[in-house]
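Undergrad: Structure, please.
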Amino acid sequence: MAESANETKSKIIESAKKEFLENGFTNASLRTIAANAGVTTGAMYRHFKDKDALFCSLVDNAIEVTTQVVMEADIMTHQLEENPASKEHHQKEDKIVSAFLDYIYSDFDAFTLLLTKSAGSTHERFLDEMCELYSTNCFRTLKWMHNQGIATKAPDEMTVHVVASSIINAFAEIIIHKIPKEKAVEFIKNINDLFHYGTMYMMGIPLT
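TA: The predicted model follows:
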């Protein structure tokens with residue numbers, strides 16, 4: 001019975017992904033999802049209480065991973081570094097970005113759903129929320145670096161917001177435009193280097 005229930009749930013999830021990708025959250029039909037999965041709507045409701053829960057099952061892991069990556073910019077993470085402005089720290093960030101890109105391309109459909117098909121769902125503000133979280137973390141961390149004497153210039157909150165949001169949106173662009181991974185790797189590296197060294201210059205941190 002357990003195996004049969006798992007198989008049924010997997011069929012529903014695959015059917016839901018196809019329907020959401022084709023029609024978006026708002027226009028997706030639960031009857032179509034059930035029919036294409038070969039189950040009744042009643043059977044589907046035994047696994048998912050509503051359409052939103054079904055959508056969330058497809059994207060929640062992507063949200064969790066993205067949030068973890070964004071939280072790498074918080075103060076506590078940088079406090080653990082001997083020198084958060086060092087070349088070594090930047091290389092560590094590059095590895096985090098590389099791993100995140102690998103994850104994005106391993107579950108590209110989930111990010112496509114979040115960025116282009118989520119209107120009307122719980123997660124319709126995913127991109128805005130990630131921009132806000134990353135901007136807040138970056139500003140607090142840069143302010144801490146200034147207070148610690150690592151940076152000689154205090155951060156401007158609006159400037160940090162624009163820079164941080166631009167980085168998040170750069171990742172969104174590779175998904176929205178379905179950029180091949182090899183091109184995305186080069187693009188994101190250029191963006192990451194641009195904003196890393198640009199921020200250091202803006203903050204009065206010596207470039208190494």
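Undergrad: quick one, domains of this protein?
TA: If you go by automatic domain parsing, the domain ranges for the chain are 1-48, 56-202.
Undergrad: so can I have JSON lines of the ones you listed showing mean pLDDT and mean neighbour count?
TA: Any C-beta I mention is one placed from the backbone N, CA and C, and that applies to glycine too. As requested, the domains of the chain are arranged in JSON lines below (pLDDT from 0 to 100; neighbours: other Cβ atoms under 10 Å):
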{"stretch": "domain 1-48", "mean pLDDT": "90", "mean neighbour count": "16"}
{"stretch": "domain 56-202", "mean pLDDT": "94", "mean neighbour count": "16"}
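Undergrad: Show me what the longest helix along the chain is packed up against.
TA: Taking DSSP state H as the criterion, the chain has its longest helix at helix 2-27. Packing partners of helix 2-27 (3 or more Cβ pairs under 8 Å, 6 or more residues apart in numbering; DSSP states H and E): helix 30-37, helix 41-47, helix 51-70, helix 108-116.
Undergrad: Could you give the separation of it from the chain centroid?
TA: Distance of helix 2-27 from its chain centroid, counting by Cα atoms, centre = their mean, to the nearest Å, is 22 Å.
Undergrad: Indicate which one of the helices and strands packed on helix 2-27 is closest to residue 134.
TA: Checking those against residue 134 by Cβ to Cβ gives helix 51-70 as the closest, at 4.8 Å.
Undergrad: what does the closest one contact?
TA: 12-13, 16-17, 20, 25, 28, 30, 33, 44, 48, 96, 100, 103, 107, 109-111, 113-114, 118, 121-123, 126, 130, 133-134, 137, 168 (Cβ atoms under 8 Å, 6 or more residues apart in numbering).
Undergrad: before we move on, what about stretch 193-208?
TA: Stretch 193-208 is contacted from outside by 85-87, 90, 93, 142, 145-146, 150-153, 155, 159, 163, 166-167, using Cβ under 8 Å, 6+ apart.
Undergrad: do that again at 6 Å, thanks
TA: Applying Cβ atoms under 6 Å, 6 or more residues apart in numbering, the contact partners of stretch 193-208 are 85, 87, 90, 151-153, 163, 167.
Undergrad: Identify the farthest-apart pair in the residues you listed.
TA: Farthest apart among the contacts of stretch 193-208 by Cβ to Cβ are 152 and 167. That separation is 23.0 Å.
Undergrad: Much appreciated, bye for now.
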